[in-house]
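Novice: fold the stuff below for me.
(4 chains)
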Number of protein chains: 2
Amino acid sequence: MNRRDRNSDDLELFELLEKLGEITDATGIPELLGRLLDIYGLKTVAYLGSGVTAQPGQSPYLAVTYSNEWVDHYKAQRFVDIDPTVQIGMRRMLPIDWDEFDRADEDVRRLFGEAKEFGLGRRGISLPVHGQHGDRALVSITSDASDRDWRYLRLHYMRDFQMLALHMHQAILRLEGKTVEQARLSPRERECLLWVAEGKTAWETAVILGLSEHTVRCYLESARHKLGAANNTHAVNKAGKASLLSQLP
Amino acid sequence: MNRRDRNSDDLELFELLEKLGEITDATGIPELLGRLLDIYGLKTVAYLGSGVTAQPGQSPYLAVTYSNEWVDHYKAQRFVDIDPTVQIGMRRMLPIDWDEFDRADEDVRRLFGEAKEFGLGRRGISLPVHGQHGDRALVSITSDASDRDWRYLRLHYMRDFQMLALHMHQAILRLEGKTVEQARLSPRERECLLWVAEGKTAWETAVILGLSEHTVRCYLESARHKLGAANNTHAVNKAGKASLLSQLP
DNA sequence: CCTAAATCCGGTGTATCTGCCGGATTTACG
DNA sequence: CGTAAATCCGGCAGATACACCGGATTTAGG
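Specialist: Numbers count the residues shown, from 1 in each chain, chains lettered A, B, ... in the order given. Coordinates of the predicted model:
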């Protein structure tokens, strides 16, 4: 990829973002990913989403430009258990360069070695994305660019990738119909649930808030009803994912 | 701000990011924010963090270039309850332009009117940030640029702001010593906790996983111990914030 | 003015959780 | 070859949650 100046063909990024915002069908995703490869001169790009679908015990969402062979091989070898992009990338906030991984590790070397044979680039970056409701994703790109070009890409286009990752995740969420109908809790309900979430009993919460234990139970009950939760634990989980437990109104 | 090309003075962004990564003292933040204003020709910048400190029932973290008068006035008027940047911005994933807010709303008009008197720019964007542990932040910038310049800024520098917001949040987290010692749950423990979080009882979870109810209770107990949780609800909350409930290992 | 919602309080019976006692095999690691 | 951790199972007593019953005042909005 050649160096470009900011005003000329940023248009391609904007075009991608726009398409991501308008996409209505999952079948359009591969095309978009391919377009992304072209624009930035990448070898592969992969989206791995977790918690983007409605059901709880669900396999992760995958959208990649990898060959099917690599995906199958990856699954068969249970690479996810040792893949540092997943193990480390999913647990941090900022992007990570694959060079930072421990190449001394036998398994890791094998993984990246085989990955190369299956068509992944030598260099790679993974960008974590965090959604509002506990959903998260990892967008990984690879490239076979020269050291010089790679450094340039990393430096000047990281923000593009960051933005693309964010919008990609948003698009997937929209496609998966992950729309959370925000139940509105009253301040007291929220407050009670907040302390219960901290492990307090109804009695302890009552002491903390200066209420009767019974009143606390009532608030918890109505909070459960509003959230459609089976019990306090469920309610805390739902409210937490909907970020209703932040002290901000 | 003048148009710049990508290779010349992106250096200023990189310098900012580097400083953010190295900052060790909260007193250095105002200077960094000031530098940010200079670089992008902005009027104000504000960081509002939620869940960045250890305690649960805590007031939000604030780092702004606003005048103290505006902050005091804002608090006194309880603007946070009607401020759409907070009410809406904190509940979404993608950045939002202040132009998108409902100017027909009496309260909103009053808020932005007074904001202007206190030195905020006419235009504004708020960028939500989501951390790994339920922590979140809102980085808001304002400007008095001309329509043309504002459009240009929004289009071409949104990604810079996005990145800055992310790194700013990361820096604050580091400063606040919000380091979560990741308890490691075994797959079974995680699985049991996952279904309990969905509102299932121990018995139901046992049926789902094909275990005895007692075994499920044992896993939950050890999960509670590992997480230092007082009960299942607390454990679900802690594990959720530490994103240990994603099905990925 | 009326209605809805939020704020409060009490009791009861049953279901569930929690902690703590005991046991077992398999696997991985040094 | 031990050791630790993960995977499983059973029982019991007391604490807690949960659902359902009843009541109240205050406040905001149509």
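
Novice: mind listing the helices for chain A?
Specialist: Counting by DSSP state H, chain A has helices at residues A:11-22, A:29-40, A:68-76, A:84-87, A:106-117, A:147-175, A:187-197, A:202-209, A:213-227, A:232-241.

Novice: get me the contact residues on chain A for DNA strand D.
Specialist: Neighbours of DNA strand D within chain A, by Cβ under 7 Å from any atom of the strand: A:196, A:201-203, A:217-218, A:220-221, A:224, A:230-233. Where you see a C-beta, it was placed from the backbone N, CA and C, and this is true even at glycine.

Novice: which of the helices of chain A sits most buried?
Specialist: The highest average neighbour count among these, using mean count of other Cβ atoms under 10 Å in any protein chain shown, belongs to helix A:232-241 at a mean of 24.

Novice: my guess is residue A:183 contacts residue A:228. True?
Specialist: Yes: between residue A:183 and residue A:228 there is a contact at 7.5 Å, judged by Cβ atoms under 8 Å.

Novice: name the residues contacting each of these two.
Specialist: With contacts defined as Cβ atoms under 8 Å, 6 or more residues apart in numbering or on different chains, the residues shared by residue A:183 and residue A:228 are residue A:238.

Novice: and these two? which has more neighbours close in?
Specialist: Ranked by neighbour count (other Cβ atoms under 10 Å in any protein chain shown), residue A:183 and residue A:228 place residue A:183 first, with 17 against 12.

Novice: how far away is the closest residue to that one other than its chain neighbours from residue A:235?
Specialist: With Cβ to Cβ, 6 or more residues apart in numbering or on different chains as the criterion, residue A:183 has its nearest non-adjacent residue at 4.5 Å, and that residue is residue A:226. Using Cβ to Cβ, to the nearest Å, residue A:226 is found at 9 Å from residue A:235.

Novice: verify the stated contact: residue A:30 with residue A:68.
Specialist: No: between residue A:30 and residue A:68 no contact is recorded; they are 12.0 Å apart, counting by Cβ under 8 Å.

Novice: what's the end-to-end length of stretch A:96-116?
Specialist: End-to-end distance of stretch A:96-116 (Cα to Cα, to the nearest Å): 19 Å.

Novice: how distant is it from the center of its chain?
Specialist: Remark: stretch A:96-116 is offset 22 Å from the chain centroid, using Cα atoms, centre = their mean, to the nearest Å.

Novice: quick check: mean pLDDT of that stretch?
Specialist: Averaging pLDDT along stretch A:96-116 gives 88.

Novice: hmm, who's touching it?
Specialist: Contacts of stretch A:96-116 (Cβ under 8 Å, 6+ apart): A:70, A:73, A:77, A:79, A:82-85, A:88-89, A:122-126, A:142, A:154.

Novice: does it come close to DNA strand C?
Specialist: No: using Cβ under 7 Å from any atom of the strand, stretch A:96-116 stays clear of DNA strand C, coming no nearer than 10.2 Å.

Novice: mind listing what residue A:170 touches?
Specialist: Counting by Cβ under 8 Å, 6+ apart, residue A:170 has contacts A:20, A:21, B:93, B:94.

Novice: so the first one sits against residue A:167, correct?
Specialist: Yes: at 4.6 Å, residue A:20 and residue A:167 qualify as touching, with contact defined as Cβ under 8 Å.

Novice: could you list the domains of chain A?
Specialist: Domain assignment for chain A, taken from automatic domain parsing, gives A:11-175, A:187-241.

Novice: end-to-end on the last one?
Specialist: The first and last residues of domain A:187-241 sit 18 Å apart, counting by Cα to Cα.

Novice: could you do the longest one as well?
Specialist: Domain A:11-175 has an end-to-end distance of 25 Å (criterion: Cα to Cα).
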